[in-house]
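>>> here are the coordinates; sequence isn't available:
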């Protein structure tokens, strides 16, 4: 079995491609006749035998003409792949159970358009994608792959094939671009943990009007846009960073999404799913929230970037050193 795997590795050039762009040279493309091609060759053989048996000159001419058409079709099938350049794109994170979309940028440096290219992951149970690449142009193909579990999803090598123009031959290649997607845990909808009241950390969360303005400070990425001091920024915007208003004399509410607050009798994946649901609920509520895991803590903040950081920490929990 090991010798067979080594033979496949050498024959098909398997393994991740680190050098970009990936160029499909002649040595990376394989071609074989399809069932239609085998049937076509069988019919030509029978016709040739008949032409020889009955000494039909026109029969010989027809057989050799059709054979030439088949050979020309084989050359065009091969040329439909050779010279293509592939670059991987960035896949957007998804939740477990969803379909991840992996972008693949395909460049065609030749004057001939590439017709009916078929893209699919070799080991993913997902439908393939067809695309046409214009002459001297490029296109982005999104390859679907099921995301069954949380963590980093490596879809593996891509099978790029073509049967154009006659369908008598199939040419294919096995590029393996460095594609990866972060898969968040599947979110469970459960009630949020209780809110803790803490001292105001620089700006007012509510709108009760009981806090007093205490000054300005530089804006941090976690500060919401509504607290920016736009008048102060407009006076000297090109020469200083954005400022936000600070308030004193009040209390701010923070949510701590703590691993210890999840049911102790639940398994690890269920507890991560509960925390993912809490992150989504806290973000929808507009609250400041932090995340506490056994090996990592993320300080309270809010916003889309903070939400993604928390979900990514949940997705990679226990896999950072794997």
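Right, received. Where do you want to start? Nothing here was measured: the structure is a model prediction, and the numbers come from that model.
>>> give me the number of residues near the nearest residue to residue 316 once chain neighbours are set aside?
Sequence neighbours aside, residue 151 is the residue nearest to residue 316 in space, at 6.6 Å (criterion: C-beta to C-beta, 6 or more residues apart in numbering). To be clear about C-beta, it is placed using only N, CA and C from the backbone, and glycine gets the same treatment. Look at residue 151: counted by other C-beta atoms under 10 Å, it has 18 neighbours.
>>> ok, now which ones touch residue 151?
182, 183, 315, 316, 319 (C-beta atoms under 8 Å, 6 or more residues apart in numbering).
>>> I figured the fourth one hits residue 183, correct?
Okay, so that is residue 316. No - counting by C-beta atoms under 8 Å, residue 316 does not reach residue 183; the two are 9.8 Å apart.
>>> gap between residue 26 and residue 79?
Look at residue 26 and residue 79: by C-beta to C-beta, to the nearest Å, they are 10 Å apart.
>>> whoops, I mixed them up, residue 118
Distance from residue 118 to residue 79, by C-beta to C-beta: 16 Å.
>>> next one: residue 287
Counting by C-beta to C-beta - residue 287 and residue 79 are separated by 59 Å.
>>> domain ranges for this protein?
1-184, 196-315 (automatic domain parsing).
>>> could those be laid out in JSON lines, adding mean pLDDT and distance to residue 190?
Putting those into JSON lines (pLDDT from 0 to 100; distance: least, C-beta to C-beta, whole Å) gives the following:
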{"stretch": "domain 1-184", "mean pLDDT": "91", "distance to residue 190": "16"}
{"stretch": "domain 196-315", "mean pLDDT": "76", "distance to residue 190": "5"}
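>>> ok, residue 178 - contacts?
Residue 178 touches 16, 17, 18, 88, counting by C-beta under 8 Å, 6+ apart.
>>> select only the buried ones of those residues in PyMOL?
In PyMOL syntax, the buried subset of the contacts of residue 178 is picked out as below (16 or more other C-beta atoms under 10 Å):
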select buried, resi 17+88
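>>> in a strand, residue 182, correct?
Yes - using DSSP: H, G, I helix; E, B strand; the rest coil, the secondary structure at residue 182 is a strand.
>>> can you get me a residue count around the residue nearest to it when sequence neighbours are not counted?
Leaving out its chain neighbours, the residue that sits closest to residue 182 by C-beta to C-beta, 6+ apart is residue 93, at 4.2 Å. Other residues near residue 93 come to 17 when the count uses other C-beta under 10 Å.
>>> now do the one 10 residues further on
As a burial measure, residue 103 scores 15 neighbours (other C-beta under 10 Å).
>>> Three-state assignment for it, please.
Here residue 103 is strand, with the state taken from three-state DSSP.
>>> separation between the residue lying closest to residue 281 once chain neighbours are set aside and residue 304?
Nearest residue to residue 281, sequence neighbours excluded (C-beta to C-beta, 6+ apart): residue 192, at 5.5 Å. As judged by C-beta to C-beta, residue 192 and residue 304 stand 19 Å apart.
>>> these two: which is more packed in?
residue 192 (15 against 8).
>>> quick check: that one touching residue 280?
No - applying C-beta under 8 Å, one finds residue 192 not in contact with residue 280, separated by 10.3 Å.
>>> between the contacts of residue 178, which is closest to residue 64?
Closest approach to residue 64 among these (C-beta to C-beta): residue 17, at 41.6 Å.
>>> roughly how far does the closest residue to the closest one other than its chain neighbours sit from residue 156?
Spatial nearest neighbour of residue 17, excluding adjacent residues (C-beta to C-beta, 6+ apart): residue 176 at 5.3 Å. Distance, residue 176 to residue 156, by C-beta to C-beta: 7 Å.
>>> pick out whichever of those two has more residues nearby.
The residue with more neighbours, out of residue 176 and residue 156, is residue 176; 20 against 16, by other C-beta under 10 Å.
>>> specify the local secondary structure of residue 318.
coil.
>>> and for residue 90?
coil.
>>> just the endpoints, please. Distance across stretch 156-168?
28 Å (C-alpha to C-alpha, to the nearest Å).
>>> that one: how far from the chain's middle?
22 Å (C-alpha atoms, centre = their mean, to the nearest Å).
>>> buried stuff in it?
For stretch 156-168, by 16+ other C-beta under 10 Å, it's 156, 157, 158, 159, 160, 161, 162, 163, 164, 166, 168.
>>> what does the first one show for phi and psi?
Right, the one you point to is residue 156. With angles defined as degrees, to the nearest 10, residue 156 sits at phi 90, psi -160.
>>> what is the burial count for the nearest residue to it once chain neighbours are set aside?
Of all residues not flanking residue 156 in the chain, residue 123 sits nearest, at 5.0 Å (C-beta to C-beta, 6+ apart). Residues near residue 123, counting by other C-beta under 10 Å, number 10.
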